[in-house]
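J.: Generate coordinates for the sequence data below:
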Amino acid sequence: MPDPAPGGGTAAWGRPVAVLAVATFAMGTDSFVVAGILPQIAHGLNASVGATGQVITVFALTVAIAAPCMAALTSKIPRKPLMAVALAVFVLANTVSAAAPTLPLLLAARVAAGLGAAMYTPNASAAAAAMAGPARRGRALAVILGGLTVGTVLGVPAGTAIGQRVSWRASLVFVAAIGLVALLGLLVALPRLPLPPAVPLRARFRVFGQPRVVGIVVFMLLASMSSITVYAYIAEVLGKNAHITGTTLAVTLLLWGAGGMAGSFGSGWLTDHWAAEKTLLLAIAGLVITLAALAIATSVPVAAIVMFLNGAAAWAVATPNNHRLTELVPQLPSVVISFNSSGIYAGQALGAAVGGLLIDGGLSVRSLCMVGALLALAAGVLHLLMGRPTRADT
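T.: Numbers count the residues shown, from 1 in each chain. Next up is the predicted model:
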């Protein structure tokens, strides 16, 4: 298949970018669906809910650590075969996850799935930008990010419903099946892609040595950690606080995903029209309030409204944070964005780990929500302390 002309019409890049987004849809579903079926996994493997929550930890931690390293180590491998191998690893790992007879084997399979996601997602974004060309780069990147967002809106509730009605193993087979469809589509629809310029690890970590970059990434880590500390155990939180289970739980998670889509796209508009710093302050304030509100949301309607708003706040952080990072280091945007992604996944890993320890230690779900709110408040304090960038920062 011939290469699409850079910046050509939608017909040239629209189909291959849409195929790439099918895989990010699978990965978005994979990142969050475990939270909706955590009690079922724990019961099926005869493990505690807190211990089983580390399934989320190892996936997120693997992506956080592996993404920047894999980008450097695989810089000389052609993009199409690299993404095909990454998707194959992801599909196989989810298939093994679905068949895992013990928690240790499930944890090992989730590490493998995280490696596949770490290899795939940054390369999919770079490939989409290259195919669309400068004039349409933003739209192409939005499609890739949209796959992750739609995964939370549609994939997570669908996977949760499958887990509630069939089994948790069927939920992971569902994720693997979507990944397989994406792999087949990639092999058919994706053209040959040029290798992007290589950025060695030394140059990447030189950028990370800038104090303001560190502060912005730590802010992202705290914000992500605050959200996932509660969301990883949301089936327990909603079940005990508002008696939400089964189909009602799937619908509530759908509302959280819908809020996430509103926050994801809305934060981009606010960042363009209102500045990144103000948008982030609004998002963090929303996180603090909604996480605290989950502790006292004891009715289904109230819990549903809070979950929608919490999803909007949680997903409104990444875009303006990416924006201020790329303003700070405009010469290496892909590098600083990879650090932001590592902050997101590291926060998810820590949040799931800490939440699991607290739950197993006897902490109530209401207190867990307050812990999440305090972490979000810490992120807000750090944001205020950093202030706006100065010439010394850049």
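
J.: which stretches of the stretch 251-394 of the chain aren't confidently modelled?
T.: 333-334, 388-394 (pLDDT under 70).

J.: can you rerun that using 90?
T.: Counting by pLDDT under 90, the stretch 251-394 of the chain has low-confidence residues at 254, 257-258, 260-276, 315-316, 318-345, 348-349, 352, 386-394.

J.: Quick one: residues in contact with stretch 28-35.
T.: 41, 55-56, 59-60, 90, 94, 113, 117, 147-152, 155-156, 158-160, 163, 171, 174-175, 178, 231-235, 348 (Cβ atoms under 8 Å, 6 or more residues apart in numbering). Heads up, the C-betas are built off the backbone N, CA and C, glycines and all.

J.: just stretch 109-125 next, same as before
T.: Counting by Cβ under 8 Å, 6+ apart, 20-21, 23-24, 27, 30-31, 55, 58-63, 66-67, 70-71, 74, 79, 82-83, 85-94, 96-97, 100, 141, 144, 334, 338, 341 sit against stretch 109-125.

J.: Of these, grab the buried ones for ChimeraX.
T.: To isolate the buried ones among these in ChimeraX, judged by 16 or more other Cβ atoms under 10 Å, type:
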select :20,21,23,24,27,30,31,55,58,59,60,61,62,63,66,67,70,71,74,79,82,83,85,86,87,89,90,91,92,93,94,96,97,100,141,144,334,338,341
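
J.: And the helices in the stretch 51-200 of the chain, which stretches?
T.: 54-73, 79-99, 103-132, 137-150, 156-165, 168-189 (DSSP state H, counting those that start in this stretch).

J.: Least reliable of these by average pLDDT, please.
T.: Mean pLDDT across those is lowest at helix 137-150; the value there is a mean of 72.

J.: Tell me the spatial nearest neighbour of V217, not counting adjacent residues.
T.: Excluding the flanking residues, the one nearest V217 by Cβ to Cβ, 6 or more residues apart in numbering is G343, at 4.2 Å.

J.: So that neighbour: helix, strand or coil?
T.: G343 falls in the helix class when you classify it by DSSP: H, G, I helix; E, B strand; the rest coil.

J.: V218 is in contact with that one, correct?
T.: Yes. Counting by Cβ atoms under 8 Å, G343 touches V218, with 7.2 Å between them.

J.: With respect to G355, which of the helices of the stretch 51-200 of the chain lies nearest?
T.: G355 lies closest, by Cβ to Cβ, to one member of the helices of the stretch 51-200 of the chain: helix 54-73, at 9.0 Å.

J.: And that closest one, how far out from the chain middle?
T.: 12 Å (Cα atoms, centre = their mean, to the nearest Å).

J.: now the angle between helix 79-99 and that helix, please.
T.: Here the directions of helix 54-73 and helix 79-99 differ by 160 degrees (axes from the mean of the first three to the mean of the last three Cα atoms, to 10 degrees).

J.: who does helix 54-73 touch, helix- and strand-wise?
T.: helix 10-36, helix 103-132, helix 201-208, helix 333-360 (3 or more Cβ pairs under 8 Å, 6 or more residues apart in numbering; DSSP states H and E).
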